[in-house]
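Peer 1: Just need the structure, nothing else, for what follows:
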Amino acid sequence: MLALILGLVILLSSVGVAAVSVPQVPASATDEIVVAATAEEKEDQERLFTQYAVGVRADASYVYGYVKNVFTLFPSTVPVTVSLYRSETYTEDISQMTHVALMFTPDLNMGEEAVARVPQDGNTYYWRAQLTYWDDSGMQQTLESGTVGYDSNGNVVL
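Peer 2: Residues are numbered from 1 along each chain as shown. Sure thing, here's the model as predicted:
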């Protein structure tokens, strides 16, 4: 069984993560995506493994922080929160950014995405998304995307 799980982990780590949007927003090659694999078990049904993707994307109307349940081995209830942060200056430290949006879902099914969004306000900001989830022991865990800058039209800034 362990060899099967390890084989799945290796297989999943070699597969690209597709971004499916809710609402439908085209993903660009500049999306910052972070993937985390967590060992989980003992909820409604036993879950051995969950793989998440967290990132930021933008268009001319909104900036989106998203988290996707890429894969769950032995699915069960997967509660997650996605938060969106911004800053006027570039920083990798989320504590130096302003929290602007939050989305909680009590059960993020495999292949689904939870999205926190804020409207564009005409300014250029640097953005970061944060995933909060609970591991099999009930401990809160977090995973952050990279920082990415977007202008008011949803274009990446360097």
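Peer 1: Can you tell me who the nearest residue to residue 127 once chain neighbours are set aside pairs with across the strands?
Peer 2: Distance criterion Cβ to Cβ, 6 or more residues apart in numbering; nearest residue to residue 127, sequence neighbours excluded, is residue 56 at 4.6 Å. Where you see a C-beta, it was placed from the backbone N, CA and C, and this is true even at glycine. Counting by DSSP bridges, residue 56 is bridged to residue 32, residue 65.
Peer 1: Point out where the protein drops to low pLDDT.
Peer 2: Counting by pLDDT under 70, the chain shows low-confidence ranges at 1-48, 75, 136.
Peer 1: Spell out the residue ranges of the helices in it.
Peer 2: Here the chain has its helices, by DSSP state H, at 2-13.
Peer 1: any chance you could map the strands in it?
Peer 2: Taking DSSP state E as the criterion, the chain carries its strands at 32-38, 49-58, 62-73, 80-87, 98-105, 113-119, 125-134, 140-144, 148-150, 156-157.
Peer 1: Take those strands and write them to TSV, including mean neighbour count.
Peer 2: What follows is these, written out as TSV (neighbours: other Cβ atoms under 10 Å):
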stretch	mean neighbour count
strand 32-38	17
strand 49-58	24
strand 62-73	24
strand 80-87	23
strand 98-105	15
strand 113-119	18
strand 125-134	22
strand 140-144	14
strand 148-150	21
strand 156-157	13
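Peer 1: quick revisit: quickly note the distance from the residue nearest to residue 127 to residue 81.
Peer 2: Here residue 56 is placed at a distance of 15 Å from residue 81 (Cβ to Cβ, to the nearest Å).
Peer 1: now do residue 104
Peer 2: Plainly put, residue 104 is 5 Å away from residue 81 if you go by Cβ to Cβ.
Peer 1: can you list residues touching both of those two?
Peer 2: Residues touching both residue 104 and residue 81 by Cβ atoms under 8 Å, 6 or more residues apart in numbering: residue 114.
Peer 1: picking up where we left off before, residues contacting the residue nearest to residue 127?
Peer 2: Contact analysis of residue 56 by Cβ under 8 Å, 6+ apart lists 31-32, 63-66, 84, 127-129, 145, 148, 150.
Peer 1: I'd like the residues you listed laid out as a markdown table, including distance to residue 156.
Peer 2: Output for those, formatted as a markdown table (distance: Cβ to Cβ, whole Å):
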| residue | distance to residue 156 |
| --- | --- |
| 31 | 9 |
| 32 | 10 |
| 63 | 12 |
| 64 | 14 |
| 65 | 15 |
| 66 | 16 |
| 84 | 16 |
| 127 | 10 |
| 128 | 14 |
| 129 | 15 |
| 145 | 14 |
| 148 | 6 |
| 150 | 6 |
